[in-house]
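[1] Using only what follows, build the 3D model:
(2 chains)
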Amino acid sequence: MEQTGPPLMEPPAISIQDLRIDYGSHLAVDNMNLDIPKGIIYGLVGPNGAGKTSTFKALASLLKPTIGKIFIDGHDIVTHQRLAQSNIGYMPDMAPVASDLKVWEFLDMFAGAHGLSGSEKSTRIDECIAMVNLHSEYHAMCNSLSRGMMQRLVLAKTMLHRPRLLILDEPASGMDIKSRVGLRQILRNLCKEGSTVLISSHILPELTEMCDMLGILHRGKLLDSGSVHGVLHRMTGLLPEIQIRLAVPPGMHWKEWLAEQDFVSNIMGQDVKKYSFHYEGEDDDLAELLQKMVAAGYLVCRVSERKRSLEEILLDLEYDGH
Amino acid sequence: MSDKVQAERLKALPQCWELWRNPIFHRYRRSRLRLSSLITGVLLYGGTSLLFYLMALGFTVTQTDLPFEQTAVYPFGFLVLLQIFILNFVGTGEVAAGMARESVDEVLTYQRLTPLGPATKIIGYLFGLPVRQFYHFILTLPVTVIIIVTGQIPAEIWIPIYAVLFTSTFMFYLLAMSVGFIMGKRFSALISQGLVALLYFALPQLSNFGFIIFEYFTIRPALFAAANKMLPKIKMFEHDQYALFYNWEISHTIYSIVLQCLIGWVFYSLMLRRWRLESSHLLSKVQCVATVIILHVIILGGVWANTSNGSMLDVKIQARTPEMAVLQQTISENVELIAATVLSLYGLIGFSFAILLQYIYTPDKFRYLAGLRERKNQARTPYAVLSDSASGIPTSVLITVITTVAWLVYSEHLSRSPEVAEFIAGESWAPVDYMLIAVSVTTLLAHGFSLEYLGKKLTATIACFTWVIPLAVALLLSTWSFGEKASGFIYGFSPLSMNFSPGYIMASVHNAEDPTLFIYGCKLGILFYLVICLYCLSRIILRHKHYMLLRDSV
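    Numbers count the residues shown, from 1 in each chain, chains lettered A, B, ... in the order given. As a prediction, this is how the structure comes out:
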């Protein structure tokens, strides 16, 4: 797993140590260790049931871990629960709103519950409503909002008390494209102001664009964590796939010939001239292999390394899971 | 924002007594008292209370020569009933439904995340959810005040009524909040109202057998005491001036308030625990033991004096029909039957509470293992006694001992009452006590241990079969002539009827040489539950060893 940089002078935004969460006999999170530095967007991805929501709930102190310690800004969430909670803004998946309240009343309640009062409270409510672009719905009843608007309202609620850590579980679900772009911009701005964002989303391409760091969770285990580029590279690097295109269709023994070469496995023909195979050797070995091909009369006209996307990595994990 | 600013902000958060700053209270004040609700309330409840007053005034002026001071008690009574309806019944439903809705909609999750203290949150919901009912109650107050002033109703009448009305209201609200909060089902309102009906109408019937505690959950004793003062000529409201607690005389108002506050404290405690951590047990093990002790002190206090002075054995039946008159005569001539019933009911009440608490404090096997792992992680001893994940065995043993001792104390007290002593006529009381100890210890421990070993669902299912089915089968057999004797034996097998065996032995003390099949059934039942108890205990010990290995493998 990638180190997150030079030794940290100040405590990380989140420090998870030996986290284990059990639901009865089901192990949801298994021995997770993770440090997330301040001021970044960290994406936690994994197939359904990987343990993302359990981790989020434990971070938000909604769930008591079986074992392990969690520190938010250096504060143990068990011993300094209230202080930790005042630093956290948590947006659960399919976030509900109080249907019998107006938009401003909903925000007013939570602003009060976080200790905001007087002009500071009303200013902050206005700011948050503006941030999520819900001015026109200020006096609307919450139950009259669309799903996307509700998500935006909950996002506004989550940001009310200027939390230093935002935990967002599927925040973009139900949002239209414009709102999603807006969300990305909001999160970026928050990070610039020093907040840290922990996010999970099913819209993976967006996540890879948005996040500074990524963690891949599978069956409760954190498989990898680090910069987006690093994680994708490592996850792809596990089984690099080489695609070649030949100028003319090869002979009958082509596949046998190729299978005999070092580091080659899993040969697949996509059409008579296009083939792919897994290659475990280094770049030098690949160059040598190509040389051999040409020498053997197989005219290679195109070579490429296919990079697997985050979706494919997760699909593989999900496939394994089933 | 720095830690210092955050700490300042935390300090500025509303405390639980600052209702006017409580955001949860204001949330409901806004949503439940919108203009339409305000107008409807004025028309409905302001109008109704005014109507009571005008009708009573009109009737007094046109139909009687009496001054209003003498008739004011009637509209006042109606208004009090209306207020009880608003606060106790409608309010309770509203609180349970509101809490369940918050829970189902997961809005409670947000509230958990706010740094407000748990007590502030509970107070916010307690006053916020029924805010509309408080408003309706306030709407009836102007007319109530007019009636009290013009009707010259003395303060000693209305102060106790309103004092108990408020404590009972908050007790019911805390009950409803607990049901809505813990169950989180949309039909929690119905369950709460069912529980209120149970507390209001069903359980008070036990006061006929000396268990007066159950009557004091309601406003009725305070109401009847007030009615007794206002309408001394009406026999319907005949009521003792004081409640007896052991050998002390306590006013009905004080007794009601103290009891209701204690029950309210139990509900408050369990909500406080759940607010702090959703997965925690409803009550801690210490709280469970304290609840059992308090409960027995209170129940014993109620039956003690009534047993001493013989009033408990003097059961009065309204002899409206000749058959009822015969029944009254039979009861009067056979006080031992009443004594046996009271003794058995005491056992059954203690048994029921102990079983209920076992479901609260006993951890399931996963939580037990999680606790072992947690303690290993913190380098602590694997054995814990008080935490939620600790084994429930020590607590089960303690609660069983308390329940049995309380039952035994009452049994001894009963044996010394003049009527029972006369009936016993020097025969030994020891068989009653032996049976009592055997039944209480084996059934409670067997259930407690099986709960720990088999889990709640399986134990509850087995309990259904071994407790209820024998009763049903015995009842069926007793209807046929050939099955009559066998039915007695099968009755004895269910712990529910086993609680009646000490009373049965007492009532048939003069036929001790000829024990019936019911007693044989009970003895077999005791043996069966003893075996269950030992089996589950040995399996729990083995499982603990296995878990220690699992724990060390992490």
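
[2] Now the residue in chain A positioned nearest to chain B: closest residue in space that isn't a chain neighbour?
    Residue of chain A nearest chain B, by C-beta to the nearest C-beta: A:Gly112 (3.1 Å). For the C-beta atoms, the positions are set from N, CA and C on the backbone; glycine is no exception. Closest residue in space to A:Gly112, ignoring its immediate chain neighbours: B:Pro23 at 3.1 Å, by C-beta to C-beta, 6 or more residues apart in numbering or on different chains.

[3] now do B:Glu102
    In space, B:Glu102 is closest to B:Leu108, 4.9 Å off (C-beta to C-beta, 6+ apart).

[4] who's the residue nearest the centre of chain A bridged to?
    The centroid of chain A falls nearest to A:Gly43 when counting by C-alpha atoms, centre = their mean (2.6 Å). Under DSSP bridges, the beta-bridge partners of A:Gly43 are A:Ile199, A:Leu214.

[5] can I assume it is in contact with A:Glu206?
    No: in this structure A:Gly43 lies outside contact range of A:Glu206 using C-beta atoms under 8 Å: 9.5 Å.

[6] Report the rounded mean pLDDT for the host helix or strand of B:Gln358.
    Using DSSP states H and E, B:Gln358 falls within helix B:335-361. The pLDDT scores in helix B:335-361 average 89.

[7] Check which residues of that helix are buried.
    Within helix B:335-361, the residues scored as buried using 16 or more other C-beta atoms under 10 Å in any protein chain shown are B:335-351, B:353-355, B:357-361.

[8] near chain A, which of those residues show up?
    Near chain A, taking C-beta under 8 Å from any C-beta of the partner chain as the test, no member of the buried residues of helix B:335-361 is found.

[9] Could you find the residue in chain B that comes nearest to chain A?
    B:Pro23 (3.1 Å).

[10] follow-up on the earlier one: which residues sit in contact with the residue of chain A closest to chain B?
    A:121, B:14, B:21, B:23, B:26 (C-beta atoms under 8 Å, 6 or more residues apart in numbering or on different chains).

[11] what residues does stretch B:73-84 touch?
    With C-beta under 8 Å, 6+ apart as the criterion, stretch B:73-84 contacts B:45, B:48-49, B:52-53, B:55-57, B:137, B:140, B:143-144, B:147-148, B:151, B:153, B:158, B:161, B:165, B:219, B:223, B:227, B:230-231.

[12] Narrow the residues you listed to just the buried residues.
    B:45, B:48-49, B:52-53, B:56-57, B:137, B:140, B:143-144, B:147-148, B:151, B:153, B:158, B:161, B:165, B:219, B:223, B:227, B:230.

[13] re the thing from before, just give me the least confident of the contacts of A:Gly112.
    B:Pro14 (85).

[14] between the contacts of A:Gly112, which has the most around it?
    Neighbour counts for the contacts of A:Gly112 (other C-beta atoms under 10 Å in any protein chain shown) peak at B:Pro23, which has 26 neighbours.

[15] so that one sits right up against B:Gly124, yeah?
    Yes: using C-beta under 8 Å, B:Pro23 is in contact with B:Gly124, at 7.0 Å.

[16] which residues do the two both contact?
    With C-beta under 8 Å, 6+ apart as the test, B:Pro23 and B:Gly124 both reach B:Leu116.

[17] Contacts only, for the residue nearest to A:Gly112.
    B:Pro23 makes contact with A:108-113, B:14, B:116, B:124 under the criterion C-beta under 8 Å, 6+ apart.

[18] mean confidence for stretch B:399-414?
    93.

[19] Residues touching it, excluding its own?
    For stretch B:399-414, using C-beta under 8 Å, 6+ apart, the contacting residues are B:288-289, B:292-293, B:296, B:299-300, B:303-304, B:307-308, B:339, B:342-343, B:346-347, B:350-351, B:353-354, B:357-358, B:420, B:429, B:432-433, B:436-437, B:440-441, B:444-445, B:448, B:502.

[20] still on that earlier bit, helix or strand for the residue of chain A closest to chain B, which one?
    helix A:103-113.

[21] how does chain B divide into domains?
    B:12-280, B:283-554 (automatic domain parsing).

[22] Any idea which of these gets closest to A:Ile70?
    domain B:283-554 (13.3 Å; C-beta to C-beta).

[23] my guess is B:Leu195 meets B:Ser178, correct?
    No: using C-beta under 8 Å, B:Leu195 makes no contact with B:Ser178, being 9.7 Å away.
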